[in-house]
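>>> Quick one, what's the 3D model for this:
(chains A, B and C)
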Amino acid sequence: MLQDGSKSIFAPWSDPAATPLIRFQSVSKKFGHFTAVNDLNLDIYEREFFALLGPSGCGKTTLMRMLAGFEATSEGTILLDGQNIAPVPPNKRAVNMMFQSYALFPHLSVADNIAFGLKRSPMAKSDIQDRVEEMLKLVRLEQFARRKPHQISGGQRQRVALARSLAKAPRLLLLDEPLGALDKKLRQDTQFELMDIQERTGTTFVIVTHDQEEAMTVASRVAVMDQGELVQVDTPDRIYETPNSVYVADFIGEINLIEGNISPIEADRYALDWAEGQPPIIGTSQEMLREGTRCHFAIRPEKLAISAEPPTDRANCVTGTILDIAYLGNMSTYIVELSNGQTLKAQVANNRRIARRTFTWNDQVSLSWTDTAGVILTR
Amino acid sequence: MNRRFSLFNATSLTLGFAFLYLPMVILIIFSFNASKLVAVWGGFSTRWYGELIQNEAFLDAAWVTLRVALLSSTFAAVLGTMAAYVMVRGGRFFGRTLFSGMIYAPLVMPEVITGLSLLLLFIAIGLDRGIMTIVLAHTTFSMCYVSVVVSSRLVTFDRSLEEAALDLGCTPFDAFRSVTLPNIAPAVISGWLLAFTLSLDDLVIASFTAGPSSTTLPIKIFSSVRLGVSPEINALSTLMIGVVTIGVVVASLVSKRAIARQQKDEQEARRT
Amino acid sequence: MNLRRFILIAIPYVWLLALFLVPFGIVLKIALSDYALSIPPYTPTLDFSAGWEGIRAFFAALDLENFIFLTEDDLYWRAYLSSLQIALLATFVTLLVGFPIAYGIAQASPAWRPTLLMLVILPFWTSFLIRVYAWIGILSNEGFLNQALMSIGIISEPLTILNTNWAVYIGIVYTYLPFMVLPIYAALDRLDGSLIEAAEDLGCSRFSAFWLVTFPLSRQGVIAGCLLVFIPALGEFVIPSLLGGSKTLMIGKVLFEEFFANRDWPVASAVAVILVLLLIIPIIFFQRNEQRQREQD
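Numbers count the residues shown, from 1 in each chain, chains lettered A, B, ... in the order given. Next up is the predicted model:
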C-alpha cells in the first residue's frame, strides 16, 4: 500500500513511533483448568489486515471473542485506541464481527440484515437507507436487497454478512473463518474481493483462520498460534522463508526437516551432522549456536534442485533414488530416499509436458541446495 | 458460551417447576395425614394406605385397568409399528391420504367424541360392553401415538441398511426382522410405554366404552373425587405418582448410561 | 401387488376404518336422526331386512332437526362460545407461563438441560386425572392456598376459586403446560446462538436482542405449542367437571351430560359433529405450521 505519495511500504509494526490500534497486554484466558490464551502480548495497527492462524483449539477464536466482547479476559488488559475495553459490553464496542456461520437473521431481508446495526445507532432514517445502498453496492448485491437469506447462494450470504458487519463503519472488523463455508474456487475469488474491500474501506481487519494459504494470501501480517501462545508474528513472506520454529515451519506449507548436531564453521556458517556416511549440511544462522546443539535444518521442497549428476557449485549435495512422484499439474513432487533411509521432498515446476519428464521411478538422482536456502531451527 | 443463564431464567425456572410440582408434593404430604379432614394436618399416619389395600372395589378396578393397559398397549405397539412402516416405507397405495388422515385425526380428536363414536359403534353392532370393548377403543387411539413415535424414528433410520440386507440375500420380511426392527426397537418400546400410560390414564373413552362389570381405576377415582377430596385417593395418587416417577427416572438413567457407554466406546475406538 | 405388502397395509387400514371412520359415520347418522324413547334411543335405525325400501326410509327420515335445535337452545351456543373463550384465554396464559420456562431451559448449561426437560415431561407421564384432582385440595375454600394466603395476611376471607372458571383456567394451564414448553424449547434449541451474538455485536442490548431475534425466530414453536394446548382444551371434559362449577359451560361437559344424564343421543351427536367442525380450522393451521417447519429443516 502506498502512503502519502512516498514509496514507503506499509509496515507500521516496524515503526517505533507508530501507536497500535489494538494492544494486548499480558492477556490470559482460562476456562476452568483449561488455559485457552496464555500471557499474550500483541499489537495490531490501524489499516492492517491481520491474520490469526493456528489449528483448532489453539486459542485464536477465544482471542477474537475477547476483542468482540463475548469473553472477558482472565488476566491482563486489551486496549483499543489506548482505552481499556474490558468494561465496554459487545453492543457498545466499535468492533464488529463477521460470524463463521454468518449468523444472518433468517426472518429479515438482506437489506434489513444490513440495516440491523444501523437502526441501533443514532443514525437518521434516510441516512440508514443511503448507507444500506452503499453497502449493497460495495458487495454487489443491489438486486438482492429484498431477498431473504435462504433465497441467496452461499457466496452471496457471505457478502451480506460482510456488508452487515461493515455497515456501522467499525474501527475494527473481526472475521471468524469468513471463507470456511465456501468451496475452493469461490474461496480464492472471495479472498481477493476481501482484500479489495479492506483496502477501499480502510478498516482494520482481524481474520481467524486455520487455512494457511488463506492467511498468507490476504494478510499483511500473520500470527501463528499454538496452545494459547503466539509462536511467530510476522509478514507472510518472512513466516514462510524464515520460520522461527519447527512448529511454524511445519504448519506453513511443506518442508523437509533434518535433525542433527551443530558445529560452527565461521561467523554465521554452521555444519549440521545428521547421519553416518552423509556429508554434513552447511547452513547459516544469525543466532550464536554452541558446538553440539541439537537442531533442525528446515528446507522447502522447491529449494532443492534435482539433477542426474551432482553439481559442483552448491554447498550441499546428497544422492538417493526416486521413491515416488506426485504429479500436481503445475508442479511435481519427487520423494527421494537417501542411503540412510531418510526421505526428502523436492518440488520441480512442470515447465515441460509430462511425457518429457527427465526422471522416473527408481532413478538415481542428486539433490542440492545452497547454504542460504534453508534455516537452522533450535526449537 | 453464547448462552448466558440470567437471574430472570433462574427465577422463571424456579417458579415454573414450583407450579408444576407443588400440587403433587402437597398431595403426597397429605396422603400421610392422620386426619380425615383433608385440609387439616393431624399427624403422620399410613392409615389411608392400609384402608386402600383393603378396598376391594379399588383393587378390582386396578386389576381391570392393568389388564386393559397391557392388552391394548401390546396390540397398539404391533398395529402402530405396522402403520408407521406402511406410512414411511409403504410407497404409494390406494387411499394413502385417507390412511395418514386416520393416523393423525385421533391424536387431535376430543376424547368425548372418540368415546361417543365408539360406544355408538359397539351398540350398533350389538357388542356387549366390557374389558374387550375398552381394549378395542384404547388400541385404536394409542396405535396412532405409537405410529407417530415409530415413524419419526423410521424416517431418520438409514434406508440403505435395509437395502444392504436385501442385497445380502434377505427377504423383505427377514430384512425387517433382523435389521429394521432391532434399530427401531427403542421407539417401539417407548411407543408401547406411551400406549400403556395413555390406557392407564384414560377416563373419558373408558367411561363410554366400559360395561357395568368393567370399571377401570380412573372411572372409580373420578366417581369418588367428584364428591370432593378423599384421603384414600390421596394415598392411591401417591402410589401412582411414585411408580411413574421411579419408572421415568430409571428409564432416563438407563438411556443416559447407554449413551455414556456408547460415547466411551467411540472414544476408545478413536484412540486405538 | 405382492400379498405380504397387501396384508401389511390392510391390517392397520381396516382396523382404523372399522374403529375410527365407521364410528364417526355413525355419529353423523345419529346426529341426523330423531330422539325416541327406546333402546337405542333414536330413530330411524337402519333396517337392512326391509331391503331397498328400508334404506330409502332411513335416508328419508334424516334431517337437520337436531342442529336446528342446537341453534335454538342458547345453552349450546353459550357452551361453544364459553369453551372457545376459556380455551383461548387459557392458551394465552399457558404461553405466558410456558415461554419463560422453555427459554430458561434453553439458556441453561447443556449438562442441565436433559434433567430440566425430564422434569417438564415427568408430569405428562403421571395421571392426568390425579394432576387435576390435586388442585381440588389446594383451591377449595378451606384448601391449602386459602390457608396459606390467610396465614400471611393477604386475605382475611377465603377466596372462592374452586367450582369457578378460575379453577378451570388454572387446571388447563397446569395440565397442558408441558405441551407448550416442549415445542417452544425445541424452537429455541434450534436457534443458532451466534444470531444473538450477532445482534449484540450490532448494538442490541440483551433485551432488544431477545425481542428482535429470539422471539420472532421461535414463532413456529409458539404456534405449535398454542395449538397443542388449544385443541384439546376446547373439548376438555375432566377439568371443567372436577374444578369447574355448575355455571362452567364447556362443550365436552355438555356432551357428556347430554349423553349420560339426558340420554339424548341425537343431540349429543350433533354437538359432537359441530365440535369437530370447530376443530378443523386449528388442526389445519397446526398441520401447515408443522409442514413449514419440516420444510425449513
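>>> What pLDDT does the model give B:Ser214?
B:Ser214 carries a pLDDT value of 88.
>>> Which residue is the nearest non-sequential neighbour of residue 239?
Chain wasn't specified; assuming chain A. Distance criterion CB to CB, 6 or more residues apart in numbering or on different chains; nearest residue to A:Ile239, sequence neighbours excluded, is A:Val222 at 5.3 Å. Every C-beta, even on glycine, is put in place using the N, C-alpha and C of the backbone.
>>> my bad, chain C
Using CB to CB, 6+ apart and skipping the chain neighbours, the partner closest in space to C:Ile239 is C:Gly171 (4.0 Å).
>>> I'd assumed C:Trp135 was in contact with that neighbour.
Yes. In terms of CB atoms under 8 Å, C:Gly171 counts as a neighbour of C:Trp135; the distance is 5.8 Å.
>>> what's stretch A:330-346 in contact with?
Contacts with stretch A:330-346, where a contact means CB atoms under 8 Å, 6 or more residues apart in numbering or on different chains, come from A:254, A:256, A:258, A:275-278, A:301-302, A:304-306, A:318-326, A:347-350, A:357, A:359, A:365, A:367.
>>> Residue of the stretch 51-200 of chain B closest to chain A, please.
In the stretch 51-200 of chain B, the residue found nearest to chain A is B:Val155; the distance is 22.2 Å by CB to the nearest CB.
>>> residues contacting that residue?
For B:Val155, the set of contacting residues under the criterion of CB under 8 Å, 6+ apart consists of B:Val88.
>>> so what's it scoring on pLDDT?
Listed pLDDT for B:Val155 reads 88.
>>> and it, what helix or strand is that in?
Secondary-structure element containing B:Val155, defined by DSSP states H and E: helix B:131-156.
>>> just how off-centre is that helix within its chain?
Remark: helix B:131-156 is offset 10 Å from the chain centroid, using CA atoms, centre = their mean, to the nearest Å.
>>> Against B:Ser199, how distant is the residue nearest to the spatial centre of chain C?
Among the residues of chain C, the smallest C-alpha distance to the mean C-alpha position (CA atoms, centre = their mean) belongs to C:Pro232, namely 1.1 Å. Shown here: C:Pro232 relative to B:Ser199, a distance of 17 Å by CB to CB, to the nearest Å.
>>> does A:Ala219 really touch A:Thr204, like I thought?
No. With the criterion set as CB under 8 Å, A:Ala219 and A:Thr204 do not qualify as a contacting pair; they are 11.9 Å apart.
>>> Now the common contact residues for the two.
Between them, A:Ala219 and A:Thr204 share these contacting residues under CB under 8 Å, 6+ apart: A:49-50.
>>> my guess is C:Arg206 contacts C:Glu200, does it?
Yes. Because the distance of 7.0 Å satisfies CB under 8 Å, C:Arg206 is recorded as touching C:Glu200.
>>> If we ignore the residues flanking it in sequence, what's nearest C:Arg131?
Taking CB to CB, 6+ apart as the measure, C:Arg131 lies nearest to C:Thr175, with 5.5 Å between them; neighbours along the chain are not counted.
>>> ok so, going back, intersection of neighbour lists for C:Gly171 and C:Trp135?
When CB under 8 Å, 6+ apart defines a contact, the residues bordering C:Gly171 and C:Trp135 alike are C:Leu243.
>>> Tell me which residues of stretch C:2-14 come out buried.
When neighbours are counted by 16 or more other CB atoms under 10 Å in any protein chain shown, the buried residues of stretch C:2-14 are found to be C:8-9, C:12-13.
>>> Spit out the contact partners of C:Leu70.
By CB under 8 Å, 6+ apart, the contact set of C:Leu70 is C:76-77, C:267, C:270-271, C:274.
>>> re earlier: next one: the residue nearest to the centre of chain C, what pLDDT does it get?
pLDDT, C:Pro232: 91.
>>> Identify the residues contacting it.
Contacts here follow CB under 8 Å, 6+ apart; on that basis C:Pro232 touches B:108, B:110, C:176, C:179.
>>> rewinding a little: of the contacts of C:Leu70, just say which sits nearest to A:Met98.
The shortest gap between A:Met98 and any of the contacts of C:Leu70 belongs to C:Ile274, at 56.5 Å (CB to CB).
>>> any weak-confidence spans in the stretch 1-150 of chain B?
Low-confidence segments of the stretch 1-150 of chain B (pLDDT under 70): B:1-3, B:38-39.
>>> same thing but at 80, please
For the stretch 1-150 of chain B, the stretches with pLDDT under 80 are B:1-4, B:36-40, B:91.
>>> One more: chain C?
Chain C contains residues with pLDDT under 80 at C:1-2, C:33-74, C:262-263, C:293-297.
>>> and it, which residues reach chain A?
Taking CB under 8 Å from any CB of the partner chain as the test, the list of chain C residues beside chain A reads C:192, C:194-195, C:197-205, C:208, C:212-213, C:216-217.
>>> Is there a quick ChimeraX command that grabs whichever of those residues are buried?
ChimeraX command restricting the residues of chain C next to chain A to the buried ones, with burial defined by 16+ other CB under 10 Å:
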select /C:192,194,195,197,198,199,200,201,202,203,204,212,213,217
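>>> Close to chain B as well: tell me which of the residues of chain C next to chain A qualify.
C:194, C:197.
>>> Touching the host helix or strand of A:Asp127 from outside, list them.
Under the criterion of DSSP H and E, A:Asp127 resides in helix A:125-138. By CB under 8 Å, 6+ apart, the residues outside helix A:125-138 that reach it are A:110-111, A:114-115, A:118-119, A:123, A:142, A:144-145, A:163-164, A:166-167, A:197, A:200-201.
>>> From the buried residues of stretch C:2-14, list the ones also adjacent to chain B.
Applying CB under 8 Å from any CB to the buried residues of stretch C:2-14, one finds that C:8-9, C:12-13 fall near chain B.
>>> got TSV for those residues, with secondary structure and distance to C:Trp166 too?
Putting those into TSV (DSSP: H, G, I helix; E, B strand; the rest coil; distance: CB to CB, whole Å) gives the following:
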residue	secondary structure	distance to C:Trp166
C:Leu8	helix	51
C:Ile9	helix	50
C:Pro12	helix	43
C:Tyr13	helix	46
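>>> Chain C: strands as residue ranges?
Remark: strands assigned in chain C by DSSP state E are C:34-35, C:42-43.
>>> Where does pLDDT dip in chain A?
Applying pLDDT under 80 to chain A flags the ranges A:1-9, A:181, A:267, A:351-358.
>>> can you list the domains in the chain?
I went with chain A, as the question did not name one. Here the domain assignment for chain A is A:12-94+A:170-249, A:254-377, based on automatic domain parsing.
>>> I was thinking of chain B, sorry if that wasn't clear
Using automatic domain parsing, the domains assigned to chain B come out as B:8-45, B:56-236.
>>> how distant is the last one from the center of its chain?
Between the centre of domain B:56-236 and the centre of its chain there are 9 Å (CA atoms, centre = their mean).
>>> With the shortest one instead?
The chain centroid and the centroid of domain B:8-45 are separated by 25 Å, computed with CA atoms, centre = their mean.
>>> Give me the nearest residue to the residue in chain C that chain B sits nearest to, chain neighbours excluded.
When you check chain C against chain B by CB to the nearest CB, the closest residue turns out to be C:Gly235, at 2.5 Å. If you skip the residues right next to it in sequence, C:Gly235 has B:Pro110 as its closest partner in space, 2.5 Å away by CB to CB, 6+ apart.
>>> And for C:Pro158?
Once flanking residues are discounted, C:Pro158 sits nearest to C:Asn146: 4.1 Å by CB to CB, 6+ apart.
>>> can you pull the contacts of that neighbour?
Applying CB under 8 Å, 6+ apart to C:Asn146 gives the contacts C:140, C:155, C:158-159.
>>> By neighbours, which of those wins?
Across the contacts of C:Asn146, the neighbour count under other CB atoms under 10 Å in any protein chain shown reaches its highest value at C:Ser140, namely 21 neighbours.
>>> right, and that one touches C:Leu162 too?
Yes. Because the distance of 4.7 Å satisfies CB under 8 Å, C:Ser140 is recorded as touching C:Leu162.
>>> Neighbours of the residue in the stretch 51-200 of chain B that chain C sits nearest to, how many?
Of the residues in the stretch 51-200 of chain B, the one nearest chain C is B:Pro110, at a distance of 2.5 Å by CB to the nearest CB. Each residue near B:Pro110 was counted by other CB under 10 Å, and the total is 24.
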